[in-house]
Every structure is written in C-alpha cells, then in structure tokens.
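Engineer: sequence below, structure please.
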Amino acid sequence: MALVEVKVPDIGDISEVAVIELLVKPGDTVKAEQSLITVESDKASMEIPSSTAGVVKELKVKLGDKVSEGSVVLVVEAEGSGESDAPAPAAAPAAQAPSPAPAAQAEAPAPAGAPASAASGPVEVHVPDIGDFKDVAVIEVLVKPGDTVKVEQSLITVESDKASMEIPSSTAGVVKEVKVKLGDKVNIGDLLLILEGAAASASSAAPSPSAQTPAPAAAAQTPASASAAQAPAPSPGAGEGRGEGQSAKGEASAAPHDPTKPPIGLPYASPSVRKFARELGVPLEEVKGSGIKGRITQEDIQGFTKAVMAGSTRTKAQGAAAPAAGGVTGGGELGLIPWPKVDFAKFGPIERKEMSRIKKISGANLLRNAVMIPAVTNHDDADITDLEAFRVSTNKENEKSGVKVTMLAFLIKACVSALKKFPEFNSSLDGDALIYKNFWHIGFAADTPNGLMVPVVKNADQKGVLQISQEMGDLAKKARDGKLSPADMSGATFTISSLGGIGGRYFTPIINAPEVAILGVCRSTTEPVWDGKQFQPRLMLPLSLTWDHRVIDGAAAARFNAYLGQILSDFRRVLL
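Structural biologist: As a prediction, the model looks like this:
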C-alpha cells in the first residue's frame, strides 16, 4: 500500500477558495471521483473529487482554510501498488467540475458584444461559456419580468452533479421576458432572457477583477443583487433570493423557524446537500444553516426532518394547513395536530439516547414512502417442503466449500423469475410514465447493530443460487461491519425483507421508493395441508407482498404471489 497525496486539481483561474465542508474523515474508504471537500467562490460552490481510491490516513485541510490548485487535501493509503500513478489522469474530470464558475464569470460579457448599438432596444442575454458541461439544470430563477438588472447581476443558478453556479447578466437593463424556467436544461449559447433599455456601456464592459479572481470572503454577499421579493417560489431543493440586508451572521442568530414568515432567502448549500434535500422533500429555503456563513449542512437537513417528524417544526405547507389553535382541521394537506410533548421524567427514571445516523436517514425515507405511496399488501403461503429438503442436502454436499445456502438465496432467484413474468413489478414511476427495467437487482434487508440496511445483489438473473449465497454473505458482513458503500446499496429494482427465524406470521413491509413492490417473508412453520385424500405435514412459508396501487392492481398482485408460490413449491419452474 502506497501513501498518495490527493491535491486540488485545476479549478480554473480561481485561487484561495474557502473550504466550507469536509465530506470524509480519517479511516474512511474513498473511491476515485468521490467528493472529498466542498469549496466556494463568490459565484459557485464545487466539490473536489478524489483522484485515487483508498483509505484516508490524514486530512490536510480544515473548515475555513483557503486552497488553490495543487494544495494537498488529504493523504490516502492507495489500493494496490499502481494507485500512486492515478492522480494525474484522474485529475482531468475533477478539473472540469469546478471550471464553469470562472468561465461563466470571465466570459459573461462576451454575448453582449453584438447588440452594442442597441442601447435602448431589446437585448438577448445568452448562457456564456460554462466549460465542458452540457445540459445543466436550472435550479433557481433569480429575476422576473419587470426587474431591473445590472451588469454581473446573477440571473439564474444552474447545477451539475459536482458544482452549482450562478449565471450573471452580460448587460444592464429591464427584464422584458424570461426564456427559461425551473428544471430546464441549458447549454452554452442558450437564450436566458430579453432585456429592454440596456445600457450602452454594458456591451463593452469588461469583467471586474473580482469576477476574474473571486474573493471567497465576499461569498455571503453574492446573491445580494437578487432580493427575496424578486425570486420565484422555489421547488423543493431550490431557494429564493437572499435579502440584500441579510447577513449570514444574522441568519445564524435568527428566531426559531416560523413558516408564516417570509423565507430566509437563497439557501447556501453544496450540490450534494441540495440533492439530499430534494430526495427527502425538504424545502431548503426553510432550513437554517449552522455552517460557515449560515451554510446548510447535511446535519441541518436531518435535524429539520427530525423536527418536522416530531412536530416541533412545521413546514410552510403544513403551517398553511394547520388550524390556528392547533386542533384538527377537516381540509387542506394532512391537517395533523402537533406531536405530543411529554415530560416522561416526572413519571419515573428515563435514559435518552440519540438515534443512529442510519435510523435518522432511513426514518425520513420510510415516513415519505409510507405517506406518499398508496400501498396494499397481499398475504399468501408457499409450500417449501421439497425446496427446504433440497437446501439442506445442498449444504451437506458443499460443506467443504464454506458457502452456506440460505432460503433467501432461493427466494431471490424465484423473485427474478416472477419479475420477468410480471415486468410491472420491476418498474418505477416517472411522472405519468412507467420505466420498465431490463435488469434485475434485488435488495435484501440486513439487520445490523446500527439499524436496518439494504445491500443489493446486482444482476441476480445472471447468477446461480450458490453465487448469490456467497455474495449475500459478503454483503451482510460488510453491513454488520459498517463498511457498505453507497454503490452496494443502490440500483435495486425489487426488495425482499426477511424476518427469517426471528418469528412472526405476516407483516406489511414499506415499499422502498422508487421501487413499486416489496416482498416480506417470515419464519416457515410445519402445518397440516389437505392433499385431496388426507392431511399431510408441509413446511409453509408466509409471503407478504406490498405493492404500489398506482402501478399494480389487485389481480396482478394475486397472480404474482401465486406464481412465486408455484416456483418455491417446485423450483424446476425457474428453468422454464
């Protein structure tokens, strides 16, 4: 294992940018291109990726440090002897991610060069050179028709997977028409808006020194030119313009969240935090940041979600729906009364323990899925008498191999066969359309000391039962050791939640969105089953299939369960 220094790649003309987030710590295992830190200039925040894979040995930067191209971020114990050569070629993608910020600033005035003579006529403002990025999403529109804008005033915010950046105006004037909206994808040269009464000097205005070499210290005042009153109402994960007189320090000491008051302004958050907020449905403009200059961190998102779930905080939507006196209302949103607050200590001794990070994250996802998905559960039984006998004999024959075949491995293989026969169970909703997936990645719930985790067996259709058993054992061990990577838990098309030998009869598993179905299984029991002549002792496995009624109807669910039961009772059907 070689020690490799991971340095800041080429980030354009920007120098001395502030470190606002540390995304890893010593002991973490990182992959090539995994984000390590978030830095911020006055126009963009960007995540610096790792140029090599390995284990973090030492962090060389801390929050608030200023870094430039070539600054050492951390020291990694690289995987394999050849890893030390990786930084040079791997730095190229990293250089692309942050580059749009300076490019956008330095090239901004160029598009206005053509209409120099049209001092008072309509002027088209286009997207300047934003580097090698294509189809970047518009996440904020900071102006509206009728607004007066200045040269270099931010018009929209766009976001890639590694950086968010504000696109400035190349000329001054009054906004006549905005040509983009939230969610649009834009590229270099796309028309943003049309200005009227543009200043004659705007077309020849050169970028100011601050635009070419941004000062991170001015980051808190970046959106000052776009007031909260000008910005349109944001979608989840997108904010509104920050008030001109509002400082980050003022936000940090603001009163507790009140959804009846105007939003606190354009939220400071990195691309990864914005994405995390969108996944949880958290309105970023209602979250108070605890980071540098009021920046919103992932912990702030989790804390806000926990407060909403506990009833101590209400979102703007909930505040509009809730009655003034806190009672039950008959209409509007859910109309829920606040969560009860009880001083349990007055009844007896108590002990308070914080929930694990996994439970905090999974709790928010489970709540969203349980509330938003119209779920129905079908219960059935499968006769696994012969399959269990085959499993036991297989394990005896393969004792020396060290691979123990579990019933869950057979279930995964059987579910793949059922999913192929009923493809809507292997789909996902996308607006008014269904995405049918022609791959079969099966997730399975693993109980760990830190909470429930769901590793994924990829391409289960291409693997045999023995191979699936081996892979499941490896994934389950990584889960218990807390070493599962995001890749190990992503991409599932269907999930199985097994209570195995713990007990129980039936239960209602919660669908793991964006999947549309989940199978729950409990402990099998021997029961008398009528064969037409007499009762025979048979080993029966309880099945609980939960499905999304927007995608699947009851008849299809019943057929799926029946077909799955047939496969488990005679596993030769998998070959058909």
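Engineer: which SS class is A345?
Structural biologist: Here A345 is recorded as helix under DSSP: H, G, I helix; E, B strand; the rest coil.
Engineer: tell me which element the most centrally placed residue in the chain falls in.
Structural biologist: Against the mean C-alpha coordinate of the chain, by C-alpha atoms, centre = their mean, the closest residue is F276 at 4.2 Å. For F276, the host element (DSSP states H and E) is helix 271-280.
Engineer: so for that helix, what gets flagged as buried?
Structural biologist: P271, S272, V273, R274, F276, A277, R278, E279, L280 (16 or more other C-beta atoms under 10 Å). (Glycine included, C-beta is placed from N, CA and C.)
Engineer: what does that helix rub up against?
Structural biologist: The set of residues external to helix 271-280 that reach it, using C-beta atoms under 8 Å, 6 or more residues apart in numbering, is 21, 23, 35, 38, 45-47, 139, 159-164, 236-238, 269, 283-284, 287, 296-298, 301, 305, 364-365, 368.
Engineer: S45 touches S164, doesn't it?
Structural biologist: Yes. The pair S45 and S164 passes the contact test of C-beta atoms under 8 Å, sitting 5.6 Å apart.
Engineer: and these two? Which one has more around it.
Structural biologist: Neighbours were counted for S45 and for S164 using other C-beta atoms under 10 Å; S45 has more, 30 against 25.
Engineer: can you confirm the more buried one is in a helix?
Structural biologist: No. Secondary structure of S45, determined by three-state DSSP: strand, with no helix assignment.
Engineer: next, the buried residues of the biggest strand by length in the chain.
Structural biologist: As assigned by DSSP state E, the longest strand anywhere in the chain is strand 535-548. Buried positions in strand 535-548, judged by neighbour count with 16+ other C-beta under 10 Å: R538, L539, M540, L541, P542, L543, S544, L545, T546, W547, D548.
Engineer: can you name the next helix or strand after that strand?
Structural biologist: helix 554-569.
Engineer: below-threshold pLDDT in the stretch 201-350 of the chain: ranges please.
Structural biologist: Residue ranges of the stretch 201-350 of the chain with pLDDT under 70: 201-268, 271, 292-293, 310-335.
Engineer: give me that answer again for 80
Structural biologist: 201-275, 278-279, 281, 291-295, 308-336 (pLDDT under 80).
Engineer: one more: the stretch 351-500 of the chain?
Structural biologist: Ranges of the stretch 351-500 of the chain meeting pLDDT under 80: 356-358, 361, 400-402, 449-452, 500.
Engineer: go again with 90.
Structural biologist: Residues of the stretch 351-500 of the chain that meet the criterion pLDDT under 90 lie in 353-367, 397-404, 431-432, 445-453, 479-487, 499-500.
Engineer: quick one: the helices in it?
Structural biologist: Assigned by DSSP state H, counting those that start in this stretch, the stretch 351-500 of the chain shows helices spanning 357-372, 385-397, 407-421, 465-480.
Engineer: so which of those helices is the most packed in?
Structural biologist: With neighbours defined by mean count of other C-beta atoms under 10 Å, none of the helices of the stretch 351-500 of the chain is more surrounded on average than helix 407-421, at a mean of 22.
Engineer: send me that one as CSV with only the CA atoms.
Structural biologist: C-alpha atoms of helix 407-421 as CSV (Å, rounded to 0.1, in the frame of the first residue of the first chain):
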residue,chain,number,x,y,z
MET,A,407,-33.7,-19.9,1.8
LEU,A,408,-33.3,-16.2,1.0
ALA,A,409,-30.9,-17.1,-1.9
PHE,A,410,-33.6,-19.3,-3.4
LEU,A,411,-36.2,-16.5,-2.8
ILE,A,412,-34.0,-14.0,-4.8
LYS,A,413,-33.8,-16.4,-7.7
ALA,A,414,-37.5,-17.2,-7.6
CYS,A,415,-38.4,-13.5,-7.4
VAL,A,416,-36.3,-12.8,-10.5
SER,A,417,-38.3,-15.4,-12.4
ALA,A,418,-41.6,-13.8,-11.2
LEU,A,419,-40.4,-10.3,-12.0
LYS,A,420,-39.6,-11.4,-15.6
LYS,A,421,-43.2,-12.8,-15.9
